[in-house]
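Peer 1: need a structure here:
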Amino acid sequence: MTFKGYVGHIKFDDQGNVVESKNVENPKEWAEIIKFNVKKGNEEARELGFGRMNGFAMIGKDYSLTFMKNGAYLVKTREVDWHDLFVKYTYSYTTLITGLFLTILSIIIFLIDVTPAINYIPYFNQLAPEPKFFIPILILLVGVVLLGISKSKFNYRLE
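Peer 2: Just a heads-up that it's a prediction; the model follows:
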């Protein structure tokens, strides 16, 4: 994971054992610190009426530590884009598959309309009404728009 202000990260399992570490010295010590802070944070979250804490950020003068989903990210406080850190964009697979289907369908219809050999097959040329390219262009536009908006769904990294 790389984004603006990224320094390093630590990933660990539910027991606090370090699974992966990058650009971090003494990852076991960091895992213990994070485990302690998660325990305290969950206690405070329960006192406030929440079930559990999904993540936290400890902001320092030069560097900050953020925890989410069994991992911690070390970032430069002044350079990090906090929105990019906590939010990730995902694809809406229904929209993506529909857009791909419509785009491929319109290309196939274009090929059927343009290919002269298919024009001699009886009743096959009647698939496209007059004007011949109106429906394929419309389907292509809808397919491309659906492909473009399929990345608009975003999720929080804390979940």
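Peer 1: On the three-state scheme, residue 66 is what?
Peer 2: strand (DSSP: H, G, I helix; E, B strand; the rest coil).
Peer 1: Can you give me every residue that contacts it?
Peer 2: 55-58, 72-73, 75, 85-86 (Cβ atoms under 8 Å, 6 or more residues apart in numbering). (Each C-beta comes from the backbone N, C-alpha and C, glycine too.)
Peer 1: you'd agree residue 21 is in a strand?
Peer 2: Yes - using three-state DSSP, the assignment for residue 21 is a strand.
Peer 1: Could you give the number of residues near it?
Peer 2: 18 (other Cβ atoms under 10 Å).
Peer 1: Flag the shaky bits of this structure, pLDDT-wise.
Peer 2: Residues of the chain that meet the criterion pLDDT under 70 lie in 1-2, 116-132, 153-159.
Peer 1: List the buried residues for stretch 4-19?
Peer 2: Residues 5-12, 18 are the ones in stretch 4-19 that count as buried (16 or more other Cβ atoms under 10 Å).
Peer 1: And those, which is closest to residue 48?
Peer 2: Ranked by distance to residue 48 (Cβ to Cβ), those are led by residue 12 at 25.4 Å.
Peer 1: Helices of this structure, start to end?
Peer 2: With DSSP state H as the criterion, the chain has helices at 27-47, 82-86, 93-114, 134-149.
Peer 1: mind checking the backbone torsions on residue 69?
Peer 2: phi 50, psi 60 (degrees, to the nearest 10).
Peer 1: distance of it from residue 99?
Peer 2: 29 Å (Cβ to Cβ, to the nearest Å).
Peer 1: Which of the two has more residues huddled nearby?
Peer 2: residue 99 (20 against 12).
Peer 1: In strands, which of the contacts of residue 66 fall?
Peer 2: Mapping those onto strands (DSSP state E) picks out 55-58, 72-73, 75.
Peer 1: which one of the residues you listed has the most neighbours?
Peer 2: Most crowded among these, counting by other Cβ under 10 Å, is residue 72 at 26 neighbours.
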